[in-house]
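A.B. asks: Fold the following.
(one chain, ligands or ions: 1)
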Amino acid sequence: MAKKEFKAESKRLLDLMVNSIYTNKEIFLRELISNASDAIDKRYFKASQEGQTGLSRSDYPIRVDRDEDARTLTITDCGIGMTDSEMENNLGIIAQSGSFDFKTENAKEDGTDALDIIGQFGVGFYSAFMVAKKIRVVSKAEGSDQAYVWESEGADGYTIEPAERDDVGTTITLYLRDDTDDDQYSDYLKEWKLRDLIKKYSDYIRYPIIMNVTKQEPLSKEEKEAAEADEDGKKPEFKTVHEDETINSMVPIWKRSKSDVTTEEYNAFYKDKFVDWEDPQKIISTNVEGLLSYNALLFIPSRVPYNFYSKDYKRGLQLYSSGVLIMDKCEDLLPDYFGFVRGLVDSQDISLNISREMLQQDRQLKAIASRLEKKIISELKDMMAKDREGYEKFFNNFGLRLKFGIYDNFGANKDKLKDLVMFYSSTEEKPVTFQEYVDRMKEDQKYIYYATGDSIDKIKKMPQNEMLMDKGYEVLFCTEEVDEFALKVLNAYNDKPFKSTAEDDLGIELSDEEKAIREKQSKASEGLLNSIKDALDGKVADVKLSTRLKSHPVCFSAGEGISIEMEKVLAEQSKAVGQTPTDDMKAKKVLEINGDHPVFAAMRRVYEADDKATLKDYAELLYDQAMLIEGMPIDDPVDFSNRVCRLMK
Ligand SMILES: Nc1ncnc2c1ncn2[C@@H]1O[C@H](COP(=O)(O)OP(=O)(O)OP(=O)(O)O)[C@@H](O)[C@H]1O
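C.D. replies: Numbering: from 1, shown residues only. All right, here's what the predicted structure looks like:
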């Protein structure tokens, strides 16, 4: 049976091309300028192959001209041009890419590309129909004497006829559509708009993109004398001039050799491109060659973007392919916890989809992202080692994000991040790393101790930490909500488990003498402690004599699992979603009482006098004090006040 070829309904296909592929009409200019750049590339490539040297890229400009009255926009290049049959093939057959063919035909012997052509799908040209009701292409191919004109109003087809044109190259004229309520096509005739679009998408096209622009220039002395004065007798200071200007930067800063670019240039680029008024804290420039080649230029801002910790903040790097902007914020290039990094990646090796708005497969992207992540980590470690002050500043800005990174995804990334986080140390009185803590640990110390609280000052005053600090143990202060959750996910650092100073068992061996005293005290107080527990009627899991309190009468500790600080955070989170915390979201509170405190002696007297009512008052008061020390609301403030009054009488 004879095989038949597929046919396409060309009108419908063109309609699909124009209306369904792109989400953004403005990209038509990017496509036409990229085509012009490809055409010049081909001519430049041929010329250099034929041994014509001494040519410079600046000899091959691309012009963008606008005529507001005629509503036309014209893009002119001095590229390789098209013959009538090339016009037929390339502009008459959808998805036929002369550029792709040229690239394939001229590939190097090893199959790699000899030239960096942008076009590959054979559809970009038609995007111009999104804004134009008619397109006219006049072109003269290199080596041909005859020029041709291709004209089309879209779906109805096209014509090709001989035309006049002196030089080799192509001129594309767009007759813009009429404005509608939704689309102001006239904007594409405005100088500011065209300048914006060229800067945004085509800034790094290698050839000068020239536009005739309007400028205000100061008048010379002679011109001022000759000028007419206005009604108030004032002479003008400026005159309007029209002149050609190269709009694009051409050579991207990241393609220049690092040694040729000054820090000031990088800083200026960062501030301009990523809209910041401060220089970045760190610049990371990397150029990778090999199976997957790319350039990346990354910046760590000096301050936290105003919306960084809100949902509105969009992370991501700009993604360029062959100098053309593909995506403004490519999220996949950065993990969440490095979302503060700004910058861009330029790679020829990523597979684009037909609209050039997305990537076809993310294998290459994933590979780039993983290498960038490693690079960022090593640069941060380097900063920590060589510029501690700088690192502390960085950590103050973005450390919270890193701690979230440890906690997120059930700790999937904790090992990458654990050496980048710091906590304030009780002994050093500044932020320290886990490694530094472990290096300083006492010989018999089994745990890395941490204390939680709202602020450093508050933690310093917390009764729970008294004994540890007194004995010279280093304690890490956790002042952010996420801190303890991150430590719980980490569980241990270098085999040293983390332990909260609020846990009832601190794992510190008491001396024999201390043990004997405690045991004696406990025995003697058993009845009293039980009565206090009964008086509290199930509010605490246990009441015991404390081994950690020195000057304070009372505090809470908790068994393993949910700590009191975590209970607070979970309660807040439940409240935010209108739920009441369940029992498993609460800490098992232990009321610890200082057996050496006069308050305990007072309780003993009441207990021995069998004054149950006063003992209950005292027990409830101690409980409420412990709640207040933790920064938690007391159950019944009126009851509390009445008890204090009874005591004062
Ligand atoms: N200014 C130009 N000068 C010379 N040839 C051109 C020009 N513009 C387009 N062409 C030819 O027309 C072909 C089709 O262009 P089109 O923009 O539709 O696709 P493409 O650039 O090949 O691929 P892509 O869809 O990836 O942009 C090009 O491959 C090229 O051969």
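A.B. asks: For the helix or strand that contains residue 374, enumerate the helices and strands it packs against.
C.D. replies: Here residue 374, judged by DSSP states H and E, is contained in helix 363-386. Counting contacts by 3 or more C-beta pairs under 8 Å, 6 or more residues apart in numbering; DSSP states H and E, helix 363-386 is packed against strand 282-288, strand 294-300, helix 388-411. Backbone N, C-alpha and C define where each C-beta goes, glycine included.
A.B. asks: can you redo those as JSON lines with mean neighbour count?
C.D. replies: Below are the helices and strands packed on helix 363-386 laid out as JSON lines (neighbours: other C-beta atoms under 10 Å):
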{"stretch": "strand 282-288", "mean neighbour count": "17"}
{"stretch": "strand 294-300", "mean neighbour count": "23"}
{"stretch": "helix 388-411", "mean neighbour count": "18"}
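A.B. asks: Please tabulate the ones you listed in TSV, including the columns distance to the ligand.
C.D. replies: What follows is the helices and strands packed on helix 363-386, written out as TSV (distance: least, C-beta to the nearest ligand atom, whole Å):
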stretch	distance to the ligand
strand 282-288	25
strand 294-300	20
helix 388-411	37
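A.B. asks: give me the number of residues near the residue in the stretch 501-649 of the chain that the ligand sits nearest to?
C.D. replies: Nearest residue of the stretch 501-649 of the chain to the ligand: residue 577, at 47.7 Å (C-beta to the nearest ligand atom). Look at residue 577: counted by other C-beta atoms under 10 Å, it has 6 neighbours.
A.B. asks: Neighbours of residue 641, how many?
C.D. replies: Residue 641: 11 surrounding residues under other C-beta under 10 Å.
A.B. asks: host element of it?
C.D. replies: helix 637-648.
A.B. asks: list the buried ones in that helix?
C.D. replies: Going by neighbour count (16 or more other C-beta atoms under 10 Å), the buried part of helix 637-648 is 640, 643.
A.B. asks: all numbers from here: first residue = 58
C.D. replies: Sure, I'll start numbering at 58, so the last one becomes helix 694-705.
A.B. asks: Give me the contact list for it.
C.D. replies: 674, 677, 678, 681, 691 (C-beta atoms under 8 Å, 6 or more residues apart in numbering).
A.B. asks: and residue 449, what does it touch?
C.D. replies: 479, 487, 488 are the contacts of residue 449 under C-beta under 8 Å, 6+ apart.
A.B. asks: The nearest residue to the last one once chain neighbours are set aside and residue 450: what is the separation?
C.D. replies: Closest residue in space to residue 488, ignoring its immediate chain neighbours: residue 479 at 3.8 Å, by C-beta to C-beta, 6 or more residues apart in numbering. In this structure, residue 479 and residue 450 are 12 Å apart, going by C-beta to C-beta, to the nearest Å.
A.B. asks: Give me the neighbour count for the spatially closest residue to residue 575 that is not a sequence neighbour.
C.D. replies: Excluding the flanking residues, the one nearest residue 575 by C-beta to C-beta, 6+ apart is residue 604, at 6.3 Å. As a burial measure, residue 604 scores 18 neighbours (other C-beta under 10 Å).
A.B. asks: was I right about residue 604 contacting residue 574?
C.D. replies: No. Checked against C-beta atoms under 8 Å, the pair residue 604 and residue 574 is beyond contact range at 10.2 Å.
A.B. asks: element containing the residue lying closest to residue 424 once chain neighbours are set aside, please.
C.D. replies: Nearest residue to residue 424, sequence neighbours excluded (C-beta to C-beta, 6+ apart): residue 349, at 5.5 Å. Assessed by DSSP H and E, residue 349 sits outside every helix and strand.
A.B. asks: Now residue 530. Its backbone dihedrals?
C.D. replies: For residue 530, the backbone dihedrals (degrees, to the nearest 10) come out as phi -80, psi 140.
A.B. asks: Close to the ligand: what parts of the chain are there?
C.D. replies: Applying C-beta under 6 Å from any ligand atom, we find that the chain lies next to the ligand at 88, 92-93, 96, 134, 136-139, 147-148, 154-157, 176-183, 227.
A.B. asks: Which of those are buried, as a ChimeraX select command?
C.D. replies: Applied in ChimeraX, the following selects the buried portion of the residues of the chain next to the ligand according to 16+ other C-beta under 10 Å:
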select :88,92,93,96,134,136,137,138,139,147,148,154,155,156,157,176,177,178,179,180,181,182,183,227
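A.B. asks: Restricted to helices, list the residues of the chain next to the ligand.
C.D. replies: Judged by DSSP state H, the residues of the chain next to the ligand include 88, 92, 93, 96, 147, 148, 155, 156, 157 as members of helices.
A.B. asks: Low-confidence regions, the stretch 408-557 of the chain specifically.
C.D. replies: The stretch 408-557 of the chain contains residues with pLDDT under 70 at 416-418.
A.B. asks: now with 90?
C.D. replies: Along the stretch 408-557 of the chain, segments meeting pLDDT under 90 span 408-422, 467, 500-501, 510-511, 518-529, 538.
A.B. asks: ok so, going back, list the contacts of the residue nearest to residue 488.
C.D. replies: Per C-beta under 8 Å, 6+ apart, neighbours of residue 479: 449, 452, 456, 488, 489, 490.
A.B. asks: Apply 6 Å and report the result again.
C.D. replies: 452, 488, 490 (C-beta atoms under 6 Å, 6 or more residues apart in numbering).
A.B. asks: Can you show me the strands along the stretch 58-207 of the chain?
C.D. replies: For the stretch 58-207 of the chain, the strands defined by DSSP state E, counting those that start in this stretch occupy 119-124, 129-134, 189-197, 204-209.
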